[in-house]
Each structure stands twice: as C-alpha cells, then as structure tokens.
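> how does the following fold in three dimensions:
(one chain, ligands or ions: 1)
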Amino acid sequence: MTEDYSPPTSEWYHPTEDIVEHANVPDYEAVYAEAQDDLEAFWAKRANTLEWHKMWDKVLDDSNAPFYKWFVGAKTNIVHNALDRHTKTWRRNKLAFIWEGENGDKVTMSYWRLWQEGNKFANVLRSMGVKKGDRVTIYMGRVPEIIIAMLACAKIGAPHSVVYGGFSDQALADRIADAQSRVLVTADGAWLRGKIVRLKDVVDEAVRRSPVVDTVIVVKRTGHDINMEQGRDYWYHDLMALPIASRYCETEVMDAEDPLFILYTSGTTGKPKGVLHTHGGYQVYTSTTLEWAFDIKDDDRWWCAADPGWITGHSYIVYAPLILGATSIIYEGAPNFPYPDRWWRIVEEYGVTILYTAPTAIRGLMRFGDAWANRHDLSSLRLLGSVGEPINPEAWRWYHRVIGREECPIIDTWWQTETGGFMICPLPSVGLKPGSATRPFPGISVDIINDEGKSCEPGEDGNLVIQGPWPSMLRTVWGDDQRFLDQYWSKYKEQGWYLAGDTARRDADGYYWIIGRNDDVIKVSGYRLGTAEVESALVSHETVAEAAVIAVPDELRGNVIHAYCILVNGVDGSKELEAELKNHVGDEVGPIAKPSVINFVEKLPKTRSGKIMRRILKAEAQGLPVGDTSTLEE
Ligand code: WTA
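Numbering: from 1, shown residues only. Purely as a prediction, here's the structure:
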C-alpha cells in the first residue's frame, strides 16, 4: 500500500472556528517559534506543569551526545505525577478508566482506587524481593491489571518490560533473557474473538527456555484450567488479599534519568532490541504531546484503542492520560466481535470524545460499510487520531466522513517506539491534508535528506531525520550502547541527526508525507516486525536452508510478508510445506508474523558481498522494474 500513496494533494480540511478557539494550543506557529527560540526554556516551562521531588540543575546535558540527558539532577517518579498527586485533589474520585471486557465484563476505576491497587501490587512485588532497578516482565492481554502492574513497577523503580500478548514463547523467552527478569506477571488467558488465548501455556514454555524467572504472578481472567507450579506460580488475587498487600506504599524517588521501562522492538538483526525510556523526560514529553495534539480536557473520554504492549499503549493508554488526569476507555477484544459495530457501540455507550487508532483498524471497519457506524450516535466524538503506518487518503476520508461527521479533525501522529511520543502531527488548530501527518510538534526539528546528504526539495523522497534531542528520546538500547549508536546515530554522525528509518517527502506547504520504512523493518497491520526475526524463524525449520522476506503492499493490512525460501537438498516445495512453514513462523514469532506467501526458490539475488538484495525481490513481487542490478552477484 505504501508505494501507492498519492502525491501531496491540495485538498485541505480546515478546523472550525470553535475548535481553534477552544483548543489548548490555538496557534501552532507561535508555539513552534517559541520552542525554536529557546528549546531549554520551552521544555523547562513544560516540566514545570508537573511535580518534582527536586528540581533540575540543568535542562539538557549534551556533553556526551548522542547520550543526551534531560532534567539533570532532578528527582521524580512518573507515578507521583500519574497517580499520587491526583489523590490529593478533586480528581481523587474522577474515573481513571472505564474498562470493558470482550465478554461484556465491566470495571471502572477512580484515580483513588487505581492508586490503591497500584500500591497494593507494588507492595506485593517488593515482598517478592523486587528492588529498584530490577526488571519485571509483563505478558498479558488488555485488562486493568496490566496497567496496575506497570504502575506498580514504576512506583518501586523496577523497570517493566511489557511483551505484547500476541508474541510466541520463543519471542517471550528471548525478551526475558535479554532483560534478565526474575519476576513475570501474566494472566491465565485473554479473550479474543470469543476464544481464549492461552497465555499461561506460552509462559510455561518461555520460562522453561529462560529459567532466570523464579516467580510468576498470574491474573485470573478466563478461568480455564492451567498449570500452576508450586513455589513458582502465584495467583494475583491471592497475593493481593494478603496483609502484605497494604494499600499504602512509598513511591521510590528516582533520578530523572533512571530507567522507567524497556520495550522491545524490531530492528535489523534477529536479536530483540530493548528501547530504554526514563522517568523524567518521558513524563514531560508524553503529557505535553497528548495535551496539545489531542487537546485533552477534564470532561473528555479518551480512547486509545492500541494495546498496552506497544509504545502507543505505554505512552497514551497508561502514562500520559493519567498524568493529565484524563478518563480513558479501555476495551479488551476485537473491534468486530461479536458484530462489526462493537467499537461504535462503545463510543455511544460511554460517550467517547476522542478516538485514537490505527489505519489498519479503520480500513478493516470500513470494509463492513457505513451502516454499522450509522446505527449509532457518534456525536460525542470531537477528535479522531491515527497511528502506526501511513493512512491512505481513502481511509482518511471515510474516517472523517462516517465516523467524524465531517467535523472531527484527524490527528495523524507519526512517531516510533524510540521517540516515546508524537513527533510529526497536527494540533487541532492546524489545517489538514488527508494522508499527511502535517508538521513537526513544537520543539521538534525534522528534515528529509537525499542520497547526496542534502535537504530534499519539495516532492523529493528522502531519509527522515530528527535534528536535535527531545525529552522522551530513547536513551540507549538495553545493554548495547554500540547498537544504539550504529542504528540511529552513525549515518549522520557529523551532523548529529537521528535516523528514523523512514522514507518521507515534504510538499510545498511544508507538510510531511511518510512513505514507509526503508530498512529491514516491516509494518504489518501497524505491528512492527523485523525481516531478520521472520527469516531466522524460517531457517530454524529443518527443511529451510536460506530465507529472505519482504513487505508487499496490501489493501487492508498496509503490508503483508512474502517469503523466499531455499530448501535443503532433497526436499521439494509443496502446498503442505508452505502451510507448515507459515505455522512454524506463527509459533516462533507470533501469528502476526506469518508470511502470506512463501515462494520456494533455487537462488536468492545477492550482492557480491553476499547481502540479499530485497529490493529486487520486492520489485519482482509487484511486477515493477528491477532497477539497477550492477552490484548483483550474477
Ligand atoms: C510507522 C508506533 C506513517 C513508521 C508509534 C515508524 C507511521 C514506525 C505513523 C514506528 C504515521 C508510525 N504515519 N507511518 N502516523 N506512525 N508509523 O515503533 O514507519 O511500532 O517508523 O511505533 O511506524 O513503529 P513503532
């Protein structure tokens, strides 16, 4: 799909006067200029909207770039800002979230109650020997306890590593091993499309492969029979009922630069890459971006429909909305279960005012036609959002017309796990063009660089770079500073620019259009996967000698994966083997990583130095010209 993005259009959507007048930031240009004028003063002012145990000595320390430090010398804890402080104001009794299970279960939680649950679980973790700095892995579905567990970890200064509940045992085992977590928090299962996802089975196998885990805490969600290992596995509800789970818990006072979490994401090698974020800068940046881009007000009902297991959930389900004291909607299951109007029913029932989701979900719901949405009163909505991949103008227009009554601005947010928060996105007062993430957020400078290392002309495609540090930038790759340098900072080392890994273009109005990834990352339905992860899963099968995978544009999912496999001597390709290999990848990585097509080939196009030329495979798969093949081996 990405290759089809229409060039910049002149189709403008301007916000109504009402939106501009009531926006938290009515004048983007003025605020952008203010930040450019004095970046440190700008971020200091934003940081001052939060509470700190000790103020910073210096806003930004760039003496060891790109290992930047923010709010140096400050003491804080993000949970103090997300929960503790609210319990002393009227927000004590405000709803932090309204949760709906796929099976119709409901839980609502006030700030006071969430604070108590977080405290209780923090005490449980402490009693299990978890100390400041220890990593805790969390693997479960979209249930209230995942949020409680994340906050409890942060409260006691134990970095959490949340692994998305759709990942396989091997992927989970790799992430446990890399983070060296002793404690794992999980659930018996999760509901998805009316079926139980057997999470605990996956955990048992992952822990067998990564025996560093000695304690597993299990939330009872689905209630089916599971294996509970004596001395290792404990029920969450049993622990929370013990006297040790007191409802008061001292919040650990952290350095602004102390680790808050590790979140694994896909990169160029098969080894998982733990992106590290910290307490201080992250809280400032995520709360500012949510407050300004989505214009959060006290009476809003914010629904970020992502999963807490991804960065979107970390930043915009858990931390930023709580810091702002917002009320969130959280829904456990599939958008089309039991019927394609499940989401629209939720919007109507809870009076959702802002909905933030991914293009793949929009395209999926669009396919069912307008009638499902039209039978619900969606008039509570005032803003819509998009994230994860480029939104094609057709889906944009449908979202705007059918869901947004042609009134709701669409906030298309470009960002990454590494950036922590939105980097390119409109504020509600900014004019929109369908398919463009518009302009950089205040405090952010971006450019597009061509092969000659020069800034691109309007309409010219190039490498998207971020020029200069921002508070929620990743601090490093967990345990691998060199990888951090190589991956993000080596290409434009002299200039000190951050390489995003995306191709983009800018139009004559200065609007940015993201084309897609230009490295070994593939976005399938907005999920981020590495070609190396899928390829190593394929070659781990006894029949596969060598494999290459590529992204091929797809109407619904943005991209799908096509694989090319060379089989070992004596094995022939067949339909059965194709199916087996697809399932094998599903087992090794997760269902989202399954290739949609597997081609059995004799040879793969390689450079003389042995690098697979995926560009050639891609061109072939799409019937496009193959281009320059001068470096091809033969
Ligand atoms: C892509 C998700 C176009 C992009 C928050 C980026 C987007 C990668 C957009 C990061 C968008 C994300 N328009 N492309 N609005 N948002 N992307 O780490 O390729 O899962 O580099 O973070 O998603 O994916 P990640």
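> quick one: average pLDDT of stretch 235-248?
Averaging pLDDT along stretch 235-248 yields 98.
> try stretch 420-430
pLDDT averaged over stretch 420-430 gives 97.
> do that stretch and the ligand come into contact?
No. Judged by Cβ under 6 Å from any ligand atom, stretch 420-430 and the ligand are separated, with a smallest distance of 7.4 Å. From N, CA and C alone the C-beta is placed, and that goes for glycine too.
> would you map the strands across the stretch 101-250 of the chain?
106-110, 136-139, 160-162, 183-187, 190-192, 195-197, 215-219, 233-235 (DSSP state E, counting those that start in this stretch).
> who touches the fourth one?
Contacts of strand 183-187 from elsewhere in the structure, counted by Cβ atoms under 8 Å, 6 or more residues apart in numbering, are 125, 128, 130, 134, 136-141, 143, 145, 149, 176, 199-200, 203, 207, 213-222, 236.
> ok, now with 6 Å
128, 130, 136-140, 149, 199, 203, 213, 215-219, 221 (Cβ atoms under 6 Å, 6 or more residues apart in numbering).
> ok so, going back, rebuild the strands of the stretch 101-250 of the chain as JSON lines, extending it with distance to I550.
Formatted as JSON lines, the strands of the stretch 101-250 of the chain follow (distance: least, Cβ to Cβ, whole Å):
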{"stretch": "strand 106-110", "distance to I550": "43"}
{"stretch": "strand 136-139", "distance to I550": "30"}
{"stretch": "strand 160-162", "distance to I550": "29"}
{"stretch": "strand 183-187", "distance to I550": "34"}
{"stretch": "strand 190-192", "distance to I550": "28"}
{"stretch": "strand 195-197", "distance to I550": "29"}
{"stretch": "strand 215-219", "distance to I550": "38"}
{"stretch": "strand 233-235", "distance to I550": "41"}
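> now for these, which one comes closest to C408?
In terms of Cβ to Cβ, the element of the strands of the stretch 101-250 of the chain nearest to C408 is strand 106-110, at 25.4 Å.
> packing partners of that closest one?
With contacts taken as 3 or more Cβ pairs under 6 Å, 6 or more residues apart in numbering; DSSP states H and E, strand 106-110 sits against strand 95-100.
> what's the angle between the strand it packs on and strand 106-110?
Calculated by axes from the mean of the first three to the mean of the last three Cα atoms, to 10 degrees, strand 95-100 forms an angle of 170 degrees with strand 106-110.
> for the strands of the stretch 101-250 of the chain, give me CSV that also has distance to W372 and mean neighbour count.
Putting the strands of the stretch 101-250 of the chain into CSV (distance: least, Cβ to Cβ, whole Å; neighbours: other Cβ atoms under 10 Å) gives the following:
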stretch, distance to W372, mean neighbour count
strand 106-110, 22, 15
strand 136-139, 33, 26
strand 160-162, 32, 26
strand 183-187, 30, 27
strand 190-192, 20, 21
strand 195-197, 22, 15
strand 215-219, 32, 22
strand 233-235, 39, 17
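> looking at the ones you listed, which is nearest to the ligand?
Closest approach to the ligand among the strands of the stretch 101-250 of the chain (Cβ to the nearest ligand atom): strand 160-162, 13.2 Å.
> does any bit of the closest one sit next to the ligand?
No. Counting by Cβ under 6 Å from any ligand atom, the ligand is not contacted by strand 160-162; separation bottoms out at 13.2 Å.
> interface residues of the protein facing the ligand?
Proximity of the chain to the ligand (Cβ under 6 Å from any ligand atom) is limited to residues 265, 310-312, 386-390, 412-417, 437, 500-502, 514, 516-517, 523, 528.
> please point out which parts of the longest helix anywhere in the chain sit buried.
Longest helix in the chain, counting residues (DSSP state H): helix 111-127. Judged by neighbour count (16 or more other Cβ atoms under 10 Å), helix 111-127 contains these buried residues: 111-126.
> so which elements touch the helix or strand containing V284?
Using DSSP states H and E, V284 sits in helix 279-293. If you count contacts as 3+ Cβ pairs under 6 Å, 6+ apart, helix 279-293 packs onto helix 39-47, strand 69-72, helix 78-82, helix 320-323.
> how about the strands in the stretch 451-600 of the chain?
Going by DSSP E, counting those that start in this stretch, the stretch 451-600 of the chain shows strands at 462-467, 497-506, 512-517, 521-524, 527-530, 544-554, 558-567, 597-600.
> what lines up beside the second one in the sheet?
When you say that, I think you mean strand 497-506. strand 462-467 (antiparallel), strand 512-517 (antiparallel) (DSSP bridges).
> distance check, the residue in the chain sticking out farthest from the centre against E542.
Largest separation from the mean C-alpha position in the chain: G570, at 42.8 Å (Cα atoms, centre = their mean). Per Cβ to Cβ, to the nearest Å, G570 is found 11 Å from E542.
> can you name the residue of the stretch 351-500 of the chain nearest the ligand?
T417 (3.4 Å).
> for that residue, what are its contacts?
By Cβ under 6 Å, 6+ apart, T417 lies in contact with L263, T265, V275, I311.
> can you say which of the residues you listed are buried?
L263, T265, V275, I311.
> tell me the SS of the first one?
The assignment at L263 comes out as strand when based on DSSP: H, G, I helix; E, B strand; the rest coil.
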